[in-house]
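*Asks:* Compute the structure for the input listed below.
(chains A and B)
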Amino acid sequence: MPETEVEDLLRQLAPQVLGAVVRRYGHFEQAEDATQEALIAAAAQWPDEGLPDHPRGWLITVASRRLTDLLRADQARQRREDTVARWVLPDHWLAPAADRPPADHDDTLILLFMCCHPALTPASQIALTLRAVGGLATAEIARAFLVPEETMTRRISRAKQQIKVSAVPFRMPAGEERAGRLAAVLHVLYLIFTEGYASTSGPSLHRTELAAEAIRLARLVHRLLPEDGEVTGLLALMLLTDARRPARTGPGGELILMAEQDRNLWNAAQIAEGVDLVTTALARGPAGPYQLQAAIAAVHDEAPTADATDWPQIMALYELLMRLSDNPVVRLNHAVAVAMVRGPRAGLDLLAGLGADERMRQDHRLPAVSGHLLEMAGERDAARAAYLAAAQRTSNLPQQRYLHARAARLTGDR
Amino acid sequence: MKYMILVYGSQQDYDSMAGKAAGGKPAWSAADFAAMGAFMEGFNKDLAESGELVDTRGLTAPVHTRRIQLRNDVPVVTDGPYAESQEVLAGYWIVDCDSFDRATEIAARLSRIPGPRQIGEHEVIDVRPIAESRDELDV
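*Replies:* Numbering: from 1, shown residues only, chains lettered A, B, ... in the order given. Predicted structure coming up:
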């Protein structure tokens, strides 16, 4: 069996194996290490020796054996140091479980909920999700986030420690809590996607593996919760955004604005799938933020040329989005849509209000958008100053180069 | 009448059975392990055929034990409370038979389990009558 197929299979089995081992033996922390080792053993053996009859069972057996070894080593050390691994039972374990939710045997989803536990920082949630659910090795995650492997190893083990300390039971959160936790999961997937789509630092603007992994995980959640509008919305948003990736950078890696992209390069199949998904979700009921963002992306993607963009519709969708959340980036995008519908002045007026927002003070996007609108309004000097100010605020090289180029265009002839 | 037959093993016994020499106990070979499997199958089959077998289970390695104890009136869990060499319950049979002697006869067959680790003097098999109701306990 070719190596890539083995890898795909292993990534798919990873959460199922970890879920089965944790469900049976507990010890999420060591079980996660044991599963990784089983995956590594399989990746080394299967391409040459062929698949075992029951790949999933094989992995669970190997991981369970490895877990036993890891636990023994831990327990021997604890006895040597005369410390005992003790933990206090959560109160609710002592009461009869009257409202026990129906058994949900989808371990993948439970694992996602665990990895995105609110006790963890977003950076830890992301790292742990990629490893425990995505089946990525620590080295791969470290590479994707441009940090040394040591740093990522520490981040992951700290995250697992926190999960242990907070005594998260291995089961599906119920009721209200479940909704909140699902929102956290979606947010983490969204962060993984954006990290891949537009990295915050480094020489390359997008690290496509991360975006692809975020899409794979979003597909997984969508398969598990097909009725959830926001899950569908998030998957659609990712597909519709990622569809533009081939046109987003030039041959030298430079950033190309959507208005100037070669739309023939957009991924038509991905757009069709994304539009389909968001249409289904919107028809079903009240639209959440991911569905609205997906709808906006769909309006962009369906315009045959930049001039043909349905800006009034985009403006209306941003207004709906603003009602759901007070997010300065949404207000910024809304201002752009307003400028496209009512002229640059109307947009600039809205930006003036945003400058006071503490959250936007260090962000390069506000002066970058100002630059564009000022340029549209014919105010070349002010536009140039805004582009340069924006370039100073970003650490992303392609973005810096793009902004400097825009500024340079305005220094020449009038 | 129901009886419980209990067999014991330490973490080291589990290790040697898994093919790792531990605590002076030799590692089981594949042949040893197969012979033990065949013995157990035959043993259980005989009990099933005589209608005496109610249930039988083996337990996973002692390392996977969780122990719950009160500490300052709070239930506290200890992971892996046993020492490596400590003999703990490893498996059981519940048999339904005519007499304690018959149950003992069944249990005695277990002392012939093949393998490099013969049931030595420190290794024991227990047989205990099962109480059918609280009344029997109140004697």
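*Asks:* who touches the residue in the stretch 301-414 of chain A that chain B sits nearest to in this structure?
*Replies:* Closest contact between the stretch 301-414 of chain A and chain B, by CB to the nearest CB, is at A:S325 (41.3 Å). Placement of C-beta: from N, CA and C, glycine included. Listed by CB atoms under 8 Å, 6 or more residues apart in numbering or on different chains, the contact set of A:S325 reads A:P289.
*Asks:* Show me what B:L53 bridges to in the sheet.
*Replies:* Using DSSP bridges, the beta-bridge partners of B:L53 come out as B:V95.
*Asks:* Give me the neighbour count for it.
*Replies:* B:L53: 19 surrounding residues under other CB atoms under 10 Å in any protein chain shown.
*Asks:* tell me the pLDDT at it?
*Replies:* Reported pLDDT at B:L53 in the predicted model: 96.
*Asks:* mind listing what it touches?
*Replies:* By CB under 8 Å, 6+ apart, B:L53 lies in contact with B:44, B:47, B:93-96.
*Asks:* Tell me how far the residue of the stretch 301-414 of chain A closest to chain B lies from A:A41.
*Replies:* A:S325 sits 46 Å away from A:A41, going by CB to CB, to the nearest Å.
*Asks:* residues in contact with whichever residue of the stretch 151-300 of chain A sits closest to chain B?
*Replies:* With CB to the nearest CB, the shortest gap between the stretch 151-300 of chain A and chain B falls at A:A167, namely 9.5 Å. If you count contacts by CB under 8 Å, 6+ apart, A:A167 has them with A:87, A:90.
*Asks:* Ramachandran coordinates for the residue in chain B sticking out farthest from the centre?
*Replies:* The centre of chain B is farthest from one residue, B:N72, which by CA atoms, centre = their mean lies 33.1 Å away. When read as degrees, to the nearest 10, the backbone of B:N72 gives phi 50, psi 40.
*Asks:* And it, how far from chain A?
*Replies:* Distance of B:N72 to chain A, given as CB to the nearest CB, to the nearest Å: 10 Å.
*Asks:* Repeat that for B:V127.
*Replies:* Distance of B:V127 to chain A, computed by CB to the nearest CB: 29 Å.
*Asks:* okay, the longest helix along chain B in PDB with CA atoms only?
*Replies:* The longest helix of chain B (DSSP state H) is helix B:30-49. Output in PDB follows, covering the C-alpha atoms of helix B:30-49 (Å, rounded to 0.1, in the frame of the first residue of the first chain):
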ATOM      1  CA  ALA B  30       4.300 -18.000  21.700                       C
ATOM      2  CA  ALA B  31       4.000 -21.700  22.200                       C
ATOM      3  CA  ASP B  32       3.400 -21.300  26.000                       C
ATOM      4  CA  PHE B  33       0.700 -18.700  25.300                       C
ATOM      5  CA  ALA B  34      -1.000 -20.900  22.700                       C
ATOM      6  CA  ALA B  35      -0.900 -23.800  25.100                       C
ATOM      7  CA  MET B  36      -2.500 -21.700  27.800                       C
ATOM      8  CA  GLY B  37      -5.200 -20.500  25.400                       C
ATOM      9  CA  ALA B  38      -6.000 -24.100  24.300                       C
ATOM     10  CA  PHE B  39      -6.200 -25.200  28.000                       C
ATOM     11  CA  MET B  40      -8.600 -22.400  28.900                       C
ATOM     12  CA  GLU B  41     -10.800 -23.100  25.900                       C
ATOM     13  CA  GLY B  42     -11.000 -26.700  26.800                       C
ATOM     14  CA  PHE B  43     -11.700 -25.900  30.500                       C
ATOM     15  CA  ASN B  44     -14.500 -23.500  29.700                       C
ATOM     16  CA  LYS B  45     -16.000 -25.700  27.100                       C
ATOM     17  CA  ASP B  46     -16.200 -28.600  29.600                       C
ATOM     18  CA  LEU B  47     -17.900 -26.300  32.100                       C
ATOM     19  CA  ALA B  48     -20.300 -25.000  29.500                       C
ATOM     20  CA  GLU B  49     -21.200 -28.500  28.400                       C
END
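*Asks:* What is the distance between it and the centre of its chain?
*Replies:* Centroid separation for helix B:30-49 versus its chain: 15 Å, with CA atoms, centre = their mean, to the nearest Å.
*Asks:* who are the neighbours of that helix, in terms of helices and strands?
*Replies:* Identification of packing neighbours for helix B:30-49 by 3 or more CB pairs under 8 Å, 6 or more residues apart in numbering or on different chains; DSSP states H and E yields strand B:53-58.
*Asks:* cutoff 6 Å now
*Replies:* Contacts defined by 3 or more CB pairs under 6 Å, 6 or more residues apart in numbering or on different chains; DSSP states H and E place helix B:30-49 against no helix or strand at all.
*Asks:* Now do that helix, average pLDDT.
*Replies:* Rounded mean pLDDT across helix B:30-49 is 91.
*Asks:* Buried residues, that helix. List them.
*Replies:* By neighbour count with 16 or more other CB atoms under 10 Å in any protein chain shown, helix B:30-49 contains the buried residues B:32, B:36, B:39-40, B:43, B:47.
*Asks:* Distance to A:L94 for those - can I get that in a markdown table?
*Replies:* Output for those, formatted as a markdown table (distance: CB to CB, whole Å):
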| residue | distance to A:L94 |
| --- | --- |
| B:D32 | 44 |
| B:M36 | 40 |
| B:F39 | 43 |
| B:M40 | 38 |
| B:F43 | 40 |
| B:L47 | 38 |
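*Asks:* so A:T279 is in which element?
*Replies:* Taking DSSP states H and E as the criterion, A:T279 maps to helix A:268-284.
*Asks:* how about B:T78, secondary structure?
*Replies:* Applying DSSP: H, G, I helix; E, B strand; the rest coil to B:T78 yields a three-state assignment of strand.
*Asks:* for it, which residues make a bridge with it?
*Replies:* With DSSP bridges as the criterion, the beta-bridge partners of B:T78 are A:R86, B:R67.
*Asks:* Can you read off the pLDDT for it?
*Replies:* B:T78 is given a pLDDT of 89.
*Asks:* which other residues reach the lowest-mean-pLDDT helix or strand in chain B?
*Replies:* Lowest on mean pLDDT, DSSP states H and E among the helices and strands of chain B sits helix B:134-137, with a mean of 77. Helix B:134-137 is contacted from outside by B:A131, using CB atoms under 6 Å, 6 or more residues apart in numbering or on different chains.
*Asks:* could I get that helix in CSV with only the CA atoms?
*Replies:* The C-alpha trace of helix B:134-137 is given here as CSV (Å, rounded to 0.1, in the frame of the first residue of the first chain):
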residue,chain,number,x,y,z
ARG,B,134,-28.7,-10.8,52.3
ASP,B,135,-30.2,-13.4,54.7
GLU,B,136,-27.3,-15.7,54.0
LEU,B,137,-24.9,-13.0,55.0
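*Asks:* Would you mark the buried spots in it?
*Replies:* Buried residues in helix B:134-137, counted by 16+ other CB under 10 Å: none are found.
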